[in-house]
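>>> With the sequence up front, the predicted model follows.
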Amino acid sequence: MTDTIRALLTSRSVWIALVVLVVLSTLPWVVSAYILGVLTIAYYFGVFAMSWDLLFGFANEVNFGPTFLIGTGAYAAGLLNAHGVPMWVCLIAGGAAALLGGVALAVPALRLTGPYFGLTTLVAVLLLQQFIVIFASSTGGEIGLTMNDILSTEAITNYWYALAFMTVCGAILFTLSRSPVGLILQASGQDRIGASALGFNVVKHKLAAFCISAVFSGLAGAMMVFYLGTASVGTVVDVSVGVQVIIAAVLGGRRTIVGAAIGSIFLILAGEALRPLGQLSTFVVSGIALLVILFFVDGLMGLLLRRREEP
Amino acid sequence: MPDPRAPAPAAEASVPLLDVQGLTKRFGGLVAAKDITFQIRSGEILGLIGPNGSGKSTVMQLIMGLHRPNAGEVRIAGVNVAGWPPHRIARQGVGIVFQHSRPLHRQTVLENIMLGLLPDKLLKLVASRHVHEQARQIAERVGLGGVLDRKPNTLAFADLRRMELAKAIARDPQVVLVDEPFAGLTSGEVHAFAQLIADFRTDGRAVLLVDHNVKSIASLADRVFAMYLGERIAEGTAEEVTRDPTVRRVYLGGGIEIASRPTRPARSAPLLQVEDVSVLYGKAQALERVSIHVDQGECVAVVGLNGAGKTTLFNAISGLVTYSGRISWDNRDLRGRSPAAIARGGVVQCPETRELFGEMSVRENLDLAGQHLTEAQAAEQLEWLYDLFPRLRDRERQAARTMSGGEQQMLAIARSLMMRPKLLILDEPTLGLAPVILEQISNALEQLRNTTSITVLLGEQNVTFALPHADRIYVMEHARIVWEGEPSAFAAEVAATYL
Amino acid sequence: MLTVQILIDGFAISALYGLGAVGFTLMFGVSGVLNLAHGATMVVAAVTAWVVAGQYAANPWVAAVAGTVAGVLTAFATYLLVVRPIQRSSSVPAAEREIFVLTGTLLWGIMIQEAVAYFYTDNPKTVRPLIAGIMQIGGVRTPINELLIAVICWAVIGSLWLLVNRSKAGKVLLAASINPRALSILGFELSRVYLLVWTIYGVLAGIAGVLLATFLGASSAQASQLTASAFSIVVLGGLGSVYGSLLAAYVVGYLETLTAYLISPTYRTVPALVLLVLVVYVRPHGLLGRR
């Protein structure tokens, strides 16, 4: 037990995360309600990105359609709520629905290699999107679904909910990544045969990684629609949202968990800051992300941690 | 952990720790392993040897469950594990050291070893105290005590191999499989490793050493099992197997005979000069300060077993790997030139793997190689090659991958010749071919040398094939040149100790 | 009547899909790159044709050529600015190279899309048909342009076939898709081979984009949908198989046309998606794929 705690305390990532959290906690007294709203979205995005990083950084599976899991959770919660189910039950149901989605995604994943798995994940998103559009009468289609309940009408309360949610999810995911389970996952992802030869059932562990990623994504998706008050394709299902999740995680630094959250906050704030540019804001953000991929492969965390070992 | 200095426990006369019976594996039409049977008892080391393609690696992979056998049984202390998935076999008591180290790059040495001690559970959030301590002890035992907190990319090659050993024995397996135990190690390191492996014997484990070279494991192995083309060809002590005529023929290609050869002109200017060239594959020393030269019109043979470094040397000359040192061709430094430019400059390699365009026909393969020539030159060259290898003319329209091994080799050589090379590098042209085809290729090579002024650099394991053609011979072993001289001197000085 | 209508419309749209898909799959087969900026490349070609036809009042054929050239330039830019630097980068681990290239082309595609939208808005752009007029076929009034599109697409695909199977350069491309290392030791500079394949890709995507503009119109907002269509078709047909892509293009094209006419235009894309899911679960190599 003490070894794990010692490992966490000496980890630079943990200290960086703590510093950032402290700063973020002071913001309600410093910035406007509008900015708090932007950050609230960023925190939910942070959970999306951290879940993605667990799957990619550890199990080594690139999910090109994280919004399949996010959207499934969000819409499951939304649809139930539209029929009068209480919010807490909807949240749990959202997580459960996403879990089923994760399992459905894992099945072909574990048989496919190379680009085929990535394509499967993208196809899943397109399918979900079509599904929602076709059954527009129940789902609200392109316009969206209005929720009956909402987390809170106060910007500050919403902010705390989101920050707390991100912190808890982040803590769990990070601890997982540094635990023996995380070690086994990394081994399964990096070297399937080597991990098998050491006695690990790789399939079981990858499936577990999918399930964990799915539950957190779905739960965060559900939380977010209860914050926004509506569930729509444009906010939780669209491929472009998924792309932003991936960019956030890569920008922040793959395989760090903490980086994914930081990357999300950076990305969403940058998007806001560039809003005066109007249409060009997406262009600039994508451009920055492209430059990161070309020149700063290890992302923000890579710069902050400045790995001193030679490659 | 058993005390390594204690005497070995008496070998159980009843149940061997590893019992392989009738193990067979087919990959499509190819029989990789046929009816392989052997036992290893507690405290015994068995050496499994054979050249490339003999099936020895397949047997090891079958034992570990990396492939499913078509027939046969594999018993670990009496339990038949044939057909089990690898992770179950590992937990049943088998540890494997792969030929190439496979560390987890983002974890420390300690964490890498700890992995070998963790249970296969989904919910292990905290490792027991016990596991850390055990991992530390194992690391100390193999000599990694001082580098526990380092990441693999900072470790020396030998330490990476030590870590593989540590991972393999972490769960105290009854059976240990080691693939090419000494590849890439310096002689001092070899000694240390041999000691570690001998300690396994003292622990009472059953050890299977897989290698292509009897010499390297001769001192360690209690018994040796030799394979060729998937079948057993000899079994016994290291000495018995080395002297076995079938084994000698398989490795050397037969008796050493020196045929009389037309006299070549006295030493002309060196065409190819390789000076002090070294190559590192990651951390492994694939080539260590090798110097050779090939003169105009010569046929120089580089002989050595698999892994000696012949292919690496050729790849360095062809510009396919990075190297330190100097390689000059026709007095010009080849460094910095692309492989394609080097090939166009007259140095053409026919690689060991042949690298044919399988889905394309014989004619298409040859035409591609002839694209740098004019139409007339290409047509003329094609005719000449068809005369040299009549079989290719018959199979002009056939897809390359549907041809037999011998025909593919002929096509590969013909394709290289289509480029009208000044220097032809032939890497293991006889690998896996039947004697009849060997003769045809040998004749073609002879004709080539008699009718053209081509210079040839031949890499071969099969010494009998190489000797009649060679003007000079270099012998390579463990990434170094260990002997240089004329064929006549080879028979006298080296042949006896070659194997 | 309706049958003939479906047959004709289906044929034309499938031909257009086929052209785009063939370029996409050729790129993958020879250089291993899945170019997610595909749709954006087509859009650039379409919009360039529109600009040249509109602002410079050029005749449609000149505009078409200008559009195709724009397609080639975009392809070069994609290769030289995004794909090649990533492939040569030493800080990207070899195992992740494919993913980085994928993400890089995705981002680049988004950048192009947004740039086009910024300068020219995301309204659909159409170009006057290359040949105006209507024809009667089997009792159905069909725009001549639609037939011309099918003819042009097949002419281009046919030329590609001739190039690959009958020309020297084509044989080199074919060889590169089988074994690039062997080409290298036979004296062919791989860098030149890759430039060639990107050029061919640019021409194919460019023509497809221009034709799309004359037929249905193209807008920057469609870029991702176009990419998604192309690789759904390519996966269905089998990654790397040109014949597979053509076959799949026709399957998808006709499924879409049938659905649009017989059920509703809104559900156009559904059957193809369902088919794709089936393929991915049951036969991931696609209809004619080999790997």
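Now that the structure is in, tell me what you want to look at.
>>> residue ranges with poor pLDDT in the stretch 151-300 of chain B?
B:252-268 (pLDDT under 70).
>>> Close to chain A: what parts of it are there?
Contacts of the stretch 151-300 of chain B with chain A, taken as CB under 8 Å from any CB of the partner chain, map to B:151, B:153-154, B:167, B:170-171. Any C-beta I mention is one placed from the backbone N, CA and C, and that applies to glycine too.
>>> so of those residues, which ones are in strands?
Judged by DSSP state E, strands contain none of these.
>>> name the helices or strands packed onto the strand or helix carrying residue B:443?
Using DSSP states H and E, residue B:443 sits in helix B:435-451. Contacts defined by 3 or more CB pairs under 8 Å, 6 or more residues apart in numbering or on different chains; DSSP states H and E place helix B:435-451 against helix B:375-388, helix B:405-417, strand B:455-460.
>>> List the contacts of that helix.
Helix B:435-451 is touched from outside by B:253, B:262, B:299, B:388-389, B:405-406, B:409-410, B:413, B:417, B:426, B:429-430, B:433, B:454, B:456, B:462, B:465, B:468-469, with contacts defined as CB atoms under 8 Å, 6 or more residues apart in numbering or on different chains.
>>> In chain A, which residue is most central in space?
residue A:48 (1.2 Å; CA atoms, centre = their mean).
>>> Excluding sequence neighbours, find me the nearest residue to it.
residue A:245 (4.8 Å; CB to CB, 6 or more residues apart in numbering or on different chains).
>>> do residue C:181 as well
residue B:355 (6.2 Å).
>>> ok, that neighbour - how many residues close by?
Applying other CB atoms under 10 Å in any protein chain shown, we find 20 residues neighbouring residue B:355.
>>> Can the one helix or strand residue C:66 maps to be said to contact chain A?
Under the criterion of DSSP H and E, residue C:66 resides in helix C:60-77. No: judged by CB under 8 Å from any CB, helix C:60-77 stays clear of chain A, getting no closer than 12.3 Å.
>>> hmm, who's touching that helix?
C:37, C:40-42, C:44-46, C:48-50, C:52-53, C:58, C:112, C:127-130, C:198-199, C:201-203, C:205-207, C:209-210, C:213-214.
>>> Quick check: buried residues in that helix?
For helix C:60-77, the neighbour count (16 or more other CB atoms under 10 Å in any protein chain shown) marks C:60, C:63-75, C:77 as buried.
>>> Of all those residues, the one with the weakest confidence?
Of all the buried residues of helix C:60-77, residue C:60 carries the smallest pLDDT score, 84.
>>> Quick one: distance of stretch B:96-107 to the chain centre.
A distance of 19 Å separates the centroid of the chain from that of stretch B:96-107, by CA atoms, centre = their mean, to the nearest Å.
>>> Render the CA-only coordinates of that stretch in PDB, please.
The C-alpha trace of stretch B:96-107 is given here as PDB (Å, rounded to 0.1, in the frame of the first residue of the first chain):
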ATOM      1  CA  ILE B  96      10.200 -18.400 -22.100                       C
ATOM      2  CA  VAL B  97      13.100 -16.200 -23.100                       C
ATOM      3  CA  PHE B  98      12.500 -14.900 -26.600                       C
ATOM      4  CA  GLN B  99      15.300 -14.400 -29.100                       C
ATOM      5  CA  HIS B 100      14.700 -10.600 -29.200                       C
ATOM      6  CA  SER B 101      14.300  -8.700 -26.000                       C
ATOM      7  CA  ARG B 102      10.800  -7.300 -25.500                       C
ATOM      8  CA  PRO B 103      10.800  -4.900 -22.600                       C
ATOM      9  CA  LEU B 104       8.100  -2.500 -21.800                       C
ATOM     10  CA  HIS B 105       9.700   0.700 -22.700                       C
ATOM     11  CA  ARG B 106       7.900   3.000 -20.400                       C
ATOM     12  CA  GLN B 107       8.400   1.000 -17.300                       C
END
